[in-house]
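> here is a sequence together with a model predicted from it:
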Amino acid sequence: MKGTVLLYTLIALGHLMPMVELAKLLSKKGMSVTLVIVDLLKDSSSFTSKTISRLSTANPTISFHVIPPATEGEGIDHLFKILQEANTPLSYLLQSISETSSVCAVVLDMFCTCALDVARQLNIPAYLFYTSGAYDLAMDIYFPTLDKNLDNSIVEIGNRLLHVPGLPPIPGSHLPDHLHQKNSPVYKTFINIYQRFVQYDGMLVNTFESLEKKAVEALRAGLCFPGGYTPPVYCIGPLISVPEKKEEERHECLVWLDMQPRKSVVFLSFGSMGSFPEQQLREIATGLENSGQRFLWVVRSPTIANRLKRLDPQDKPDLQAILPEGFIDRTKDRGMVVKQWAPQVEVLNHESVGAFVTHCGWNSILEATMAGVPMIGWPMYAEQKLNKIYLVEEMKVAVDMKGYDEDIVVAKEVEDKVKLIMESEESRVIRERMETMREKAVEALRECGSSHTALEDFLKAVRKDDVPC
């Protein structure tokens with residue numbers, strides 16, 4: 001009976017796409033792979049169906065299943081309610097698969113940790129797939145220990161430095177918003193999730209060892225875990241979606257990049273959930289114009305409250321209405337503004353791109369690392385402020401955009417940082433560091449590299465034998 005691995009995640013692209021890459025790797029290794037995705041909004045069904053149809057067509061060896069939301073609502077509390085309700089259909093699906101296949105393991109996105117209950121009830125090994133890096137994982141696992149030693153909420157301690165094994169000192173204000181209010185229901189939910197990480201049979205992390213050496217060592221030494229217990233840590237990244245090259249389907253921005261000098265373009269993109277109010281968009285535009293640099297800028301519609309609705313591909317901005325009057329005409333010879341989306345991996349790997357202004361989402365960091373492109377960090381939400389600290393202070397492959405943690409980043413700051421990353425002596429040193437890190441990433445993925453070996457070790461564990469994969 002062929003072994004099956006079931007992967008379980010939610011529709012958010014930053015979580016879904018790395019899981020798809022993991023599914024592809026496991027399928028290539030001869031595993032039968034089922035990828036289950038929890039939809040989050042009933043009115044997102046069109047987006048979900050199109051996304052899954054595209055992925056299924058491109059990956060015929062992977063079986064895709066969607067669990068629709070049982071109830072409607074918004075906010076992170078509702079997200080966890082949906083995931084808890086999804087345990088029942090997940091259990092039925094696993095029992096159905098078990099009738100024709102041996103389920104070797106389930107691999108759960110961190111947000112889906114409540115599904116550990118299903119795995120334990122069915123006596124199936126369960127592994128965490130952490131789509132961010134080891135740095136963030138160490139913080140999450142150690143946070144319940146911090147919580148016991150904090151009398152006040154994070155929001156009250158402000159920039160007081162917190163000390164976590166394997167990490168540089170972290171200002172309290174840079175923790176994700178959901179950890180700011182000590183007694184809130186969301187806070188307690190995340191504490192419970194982090195405490196349950198030690199119950200996994202192992203943890204797969206989308207990173208490579210030399211990228212986050214100190215954090216990986218702290219995790220494996222048990223320094224972050226209560227009692228020092230450490231489930232095995234498998235650093236299997238970077239997992240990046242590399243599109244097939246089809247000249248007839250090239251995005252117009254790639255054609256524009258073909259006409260620009262080598263390493264001359266600043267690329268600005270802030271992820272599938274990242275959007276700004278109109279005032280901030282105008283400040284960015286003014287800064288880019290005054291910098292005199294070439295740029296490729298992905299602009300999403302101004303901020304709306306419901307983040308999931310920002311995924312709507314039809315929600316395209318009216319550039320003439322939201323950008324300064326005449327901006328597009330004045331910069332047309334050296335700049336391009338793209339609505340909603342651009343093929344980020346292809347853009348970052350284009351020889352014309354010299355720098356990346358990013359929200360510091362982990363997938364974007366890995367993509368920039370694999371392309372060897374230095375970054376300007378502009379964190380916006382979730383763990384991105386933590387990632388910014390790591391990029392700027394530990395890796396030293398980025399500079400930060402001052403004012404990211406205030407109401408507005410002014411045009412002069414945008415202008416100055418774009419000039420710095422493109423023209424200064426400091427940028428030359430950053431570029432050299434980034435190229436070194438790119439080489440280490442490539443080495444990790446090669447046969448016998450650290451990430452390749454980690455994946456082999458994981459496969460041996462789920463197959464429960466000593467035969468090389």
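Yep, it's here.

> how about low-confidence regions in the stretch 101-250 of the chain?
For the stretch 101-250 of the chain, the stretches flagged by pLDDT under 70 are 244-248.

> what segments of it are helices?
In the stretch 101-250 of the chain, the segments counted as helices under DSSP state H, counting those that start in this stretch are 116-121, 134-149, 154-157, 185-196, 213-220.

> just so I know, which of those lies nearest residue 242?
Nearest to residue 242, of all the helices of the stretch 101-250 of the chain, is helix 134-149, at 22.7 Å by Cβ to Cβ. Every C-beta, even on glycine, is put in place using the N, C-alpha and C of the backbone.

> which other helices and strands contact that closest one?
In terms of contacts (3 or more Cβ pairs under 8 Å, 6 or more residues apart in numbering; DSSP states H and E), helix 134-149 is packed against helix 185-196, strand 202-205, helix 213-220, helix 384-389.

> between that helix and helix 185-196, how many degrees?
Counting by axes from the mean of the first three to the mean of the last three Cα atoms, to 10 degrees, helix 134-149 lies at 110 degrees to helix 185-196.

> contacts for helix 134-149, please.
110, 130, 162, 164-167, 170, 175, 179, 182, 190-191, 193-195, 197-198, 203, 205, 207, 212, 215-216, 218-219, 224-226, 233, 235, 362, 383, 386-387, 390, 394 (Cβ atoms under 8 Å, 6 or more residues apart in numbering).

> closest one to residue 18 among the helices of the stretch 101-250 of the chain?
Of all those, it is helix 134-149 that lies closest to residue 18, at 13.4 Å by Cβ to Cβ.

> list the buried ones in the host helix or strand of residue 7?
Using DSSP states H and E, residue 7 maps to strand 3-10. Residues of strand 3-10 classed as buried by neighbour count (16 or more other Cβ atoms under 10 Å): 3, 4, 5, 6, 7, 8, 9, 10.

> that one pairs with which strands?
Sheet pairing of strand 3-10 (DSSP bridges) gives strand 32-38 (parallel), strand 102-109 (parallel).

> turn those strands into JSON lines, columns for mean neighbour count and distance to residue 440.
As requested, these are arranged in JSON lines below (neighbours: other Cβ atoms under 10 Å; distance: least, Cβ to Cβ, whole Å):
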{"stretch": "strand 32-38", "mean neighbour count": "24", "distance to residue 440": "28"}
{"stretch": "strand 102-109", "mean neighbour count": "22", "distance to residue 440": "25"}
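
> to residue 373, which of those strands lies closest?
Counting by Cβ to Cβ, residue 373 lies closest to strand 102-109 out of the strands paired with strand 3-10; the figure is 27.2 Å.

> any idea how far that closest one is from the chain center?
21 Å (Cα atoms, centre = their mean, to the nearest Å).

> for the protein, longest helix please?
Counting residues, the longest helix in the chain under DSSP state H turns out to be helix 425-445.

> distance-wise, check the spatially closest residue to residue 451 that is not a sequence neighbour relative to residue 213.
Distances taken as Cβ to Cβ, 6 or more residues apart in numbering put residue 444 closest to residue 451, at 4.2 Å, once the chain neighbours are dropped. As judged by Cβ to Cβ, to the nearest Å, residue 444 and residue 213 stand 12 Å apart.

> neighbour count: these two, which is higher?
residue 444 (22 against 13; other Cβ atoms under 10 Å).

> list the contacts of that one.
Shown in contact with residue 444 (Cβ under 8 Å, 6+ apart): 208, 209, 210, 235, 237, 238, 450, 451, 452.

> among those residues, which lie within strands?
residue 235 (DSSP state E).

> and which of the contacts of residue 444 is nearest residue 370?
residue 238 (5.8 Å).

> once you drop chain neighbours, what's closest to the closest one?
The nearest residue in space to residue 238 (Cβ to Cβ, 6+ apart) is residue 366, at 3.9 Å.

> could I get the contacting residues of that neighbour?
206, 207, 237, 238, 239, 240, 441.

> how does it look with 10 Å?
18, 132-133, 206-208, 211, 237-240, 345, 441 (Cβ atoms under 10 Å, 6 or more residues apart in numbering).

> quickly find the element holding it.
Judged by DSSP H and E, residue 366 forms part of helix 362-371.

> so which elements touch the helix or strand just after that helix?
Sequence-wise, the next helix or strand downstream of helix 362-371 (DSSP H and E) is strand 375-377. The helices and strands touching strand 375-377, judged by 3 or more Cβ pairs under 10 Å, 6 or more residues apart in numbering; DSSP states H and E, are strand 265-269, strand 353-358, helix 362-371, helix 384-389, strand 398-400, helix 411-423.
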